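Undergrad: What follows is a protein structure lacking sequence information:
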């Protein structure tokens, strides 16, 4: 298993919807930005084949719905592909996604664990 941490929190689905409504390129700009941030944070992770991804979401409070929080996984998977950790983020490579959600007011973050499947 390999893991890395994303400090803070990623935009949720509601944030992306609002960005898309504010300007025609705002959502695309946000997606590119956050995908690149995740790719940079995952730069030290060795490439893997088939794997499961486990997300540990630590939010500062319980204001956002779980599905809204979880939509940030799109940036994470695309960032892992951009960083060369994953060949792609389709069914051929990703065998499962797992989530846990907690509150940490002082240290919101996302811990991403990549569990390689046996060959």
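TA: Yep, it's here. Please read these numbers as outputs of a predicted model, since none were measured by experiment.
Undergrad: List of residues touching the lowest-mean-pLDDT helix or strand in the chain?
TA: Within the chain, no helix or strand scores below helix 13-22, which has a mean of 71 by mean pLDDT, DSSP states H and E. With C-beta atoms under 8 Å, 6 or more residues apart in numbering as the test, helix 13-22 has contacts from 11, 26, 27, 29, 30, 31, 64, 67, 68, 71. In this view, the C-beta of every residue, glycine as well, is placed from N, C-alpha and C.
Undergrad: What is the most widely separated pair among these?
TA: Greatest spatial distance in the contacts of helix 13-22: 29 and 67, 23.3 Å, computed using C-beta to C-beta.
Undergrad: Would you map the strands across the protein?
TA: 2-7, 51-59, 94-103, 109-116 (DSSP state E).
Undergrad: Residue 41 is nearest to which of those?
TA: With C-beta to C-beta as the criterion, residue 41 lies closest to strand 2-7 of these, at 5.6 Å.
Undergrad: what pLDDT, on average, does that closest one get?
TA: Mean per-residue pLDDT for strand 2-7: 98.
Undergrad: in stretch 54-61, what counts as buried?
TA: Neighbour-count burial for stretch 54-61, counted by 16 or more other C-beta atoms under 10 Å, picks out 54, 55, 56, 57, 58, 59.
Undergrad: thinking residue 6 is in contact with residue 35, fair?
TA: No - between residue 6 and residue 35 there is no contact under C-beta atoms under 8 Å: 11.8 Å.
Undergrad: who touches the residue most central in space within the chain in this structure?
TA: Closest residue to the average C-alpha location of the chain: residue 76 at 2.7 Å, with C-alpha atoms, centre = their mean. Contact analysis of residue 76 by C-beta under 8 Å, 6+ apart lists 6, 10, 38, 53, 55, 110, 112.
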